[in-house]
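*Asks:* requesting a structural model of the entry that follows:
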Amino acid sequence: MAAQGRGAFAEARALSVSRRQALFGGLCLCCLPTLGRSAEACGLDEVGPGIFVRRGPDAEATPENNDAIANIGFIVGDDSVLVTESGGSLADGQWLRGEIAKRTTKPVSHVVLTHVHPDHCFGAAAFAADKPVFIGHNALRPALDARGAYYRARLVEILGADKAGSVVYPTLEVKPEGAEIDLGGRRLSFAAHGAAHTSCDLSMRDLKTGILFPADLLFVTRIPSLDGSLLGWLKEAEALKATGATQAVPGHGPTLVDLAPALADLTRYLTTLRDETRKALGSDVPIEKAVATIGRSERDRWVLFDTYHGRNITQAFKELEWE
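*Replies:* Numbering: from 1, shown residues only. Predicted coordinates for the structure are as follows:
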């Protein structure tokens, strides 16, 4: 690799977005058309019997939306309730806890922490009084150790200390062999994925309906956000396909989608990013030029492409330049 190529990542740092954009933009915020709309106005869709999901509004974290921007919800079994995602802040988690109470008096026995990003796990503290089992990837704890305090500090800046929430660690860590729980007449299986969207992505499947919950391993409409491994994400997308599921609740996007076309869109983007980054590296194209050329065919297919695609290229350069 030429010196120009080896220095790509150092150059990329100078081109990356601001720290706040990298945190709350690059790490899984939604799209801008309804910026400022309260997530609470979105309500909950019953996407399957006893499965309730709120679509996160297309927005970045703001004081008005409480970082309530991810798809979150809950599943009701005969005996208890599982929270599929806790929300992006204490305030968001409290809203979800209130919605659960409107629909059932069954106890909340489990809360899923699908990965380290704040819009998916900072609502967990709202469920502390329920004393649930907090389920996470076996790599989530070190990821929270590395980033949790920083994420909380940024949320405090945006929302205030009373709404931000706190770092909550998993009490059930899912290992590569997976795990299964029973809510009473309703079993759910969990898979701990290799590095992909992040280093600690957890997916879940409701065995009663067959619906897959891939969290941010699946983005729909909003451009995927790369914070783990590009090659790993392509591999894990195949693992999702191999589950045989036909429908899924993505981390961002509609509350329920057909899995095959959604995965096809995701893998097309990631494959384009991989192939064109490799081509640029092989031709010693400096990253400041690569950012302007790689993946442009995808521009009209994704919301927030111009805002976050450059960061994905930076991550791809970092991973692929030493192949």
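
*Asks:* CA only for contacts and neighbour counts going forward, please
*Replies:* Noted.

*Asks:* now the helices for the stretch 201-323 of the chain?
*Replies:* For the stretch 201-323 of the chain, the helices defined by DSSP state H, counting those that start in this stretch occupy 230-242, 259-282, 287-293, 305-320.

*Asks:* for these, which one ends up most surrounded?
*Replies:* helix 305-320 (a mean of 21; mean count of other Cα atoms under 10 Å).

*Asks:* got the CA coordinates for that helix in PDB?
*Replies:* C-alpha atoms of helix 305-320 as PDB (Å, rounded to 0.1, in the frame of the first residue of the first chain):
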ATOM      1  CA  PHE A 305     -27.000  10.400   2.500                       C
ATOM      2  CA  ASP A 306     -25.000  13.700   2.300                       C
ATOM      3  CA  THR A 307     -24.900  14.000   6.100                       C
ATOM      4  CA  TYR A 308     -23.500  10.500   7.000                       C
ATOM      5  CA  HIS A 309     -22.200   8.700   3.900                       C
ATOM      6  CA  GLY A 310     -18.800  10.500   4.300                       C
ATOM      7  CA  ARG A 311     -18.400   9.000   7.800                       C
ATOM      8  CA  ASN A 312     -19.200   5.500   6.400                       C
ATOM      9  CA  ILE A 313     -16.400   6.000   3.800                       C
ATOM     10  CA  THR A 314     -14.000   7.000   6.600                       C
ATOM     11  CA  GLN A 315     -14.900   3.800   8.500                       C
ATOM     12  CA  ALA A 316     -14.500   1.700   5.300                       C
ATOM     13  CA  PHE A 317     -11.100   3.200   4.500                       C
ATOM     14  CA  LYS A 318      -9.900   2.500   8.100                       C
ATOM     15  CA  GLU A 319     -11.000  -1.200   7.800                       C
ATOM     16  CA  LEU A 320     -10.000  -2.000   4.200                       C
END
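
*Asks:* list the helices and strands it packs on?
*Replies:* helix 8-15, helix 259-282, helix 287-293 (3 or more Cα pairs under 8 Å, 6 or more residues apart in numbering; DSSP states H and E).

*Asks:* that one to helix 230-242, inter-axis angle?
*Replies:* Here helix 305-320 runs at an angle of 110 degrees relative to helix 230-242 (axes from the mean of the first three to the mean of the last three Cα atoms, to 10 degrees).

*Asks:* state the mean pLDDT of helix 305-320.
*Replies:* Averaging pLDDT along helix 305-320 gives 94.

*Asks:* next, format the helices of the stretch 201-323 of the chain as a markdown table and append distance to Asp206.
*Replies:* Listed next are these as a markdown table, based on distance: least, Cα to Cα, whole Å:
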| stretch | distance to Asp206 |
| --- | --- |
| helix 230-242 | 14 |
| helix 259-282 | 14 |
| helix 287-293 | 40 |
| helix 305-320 | 31 |
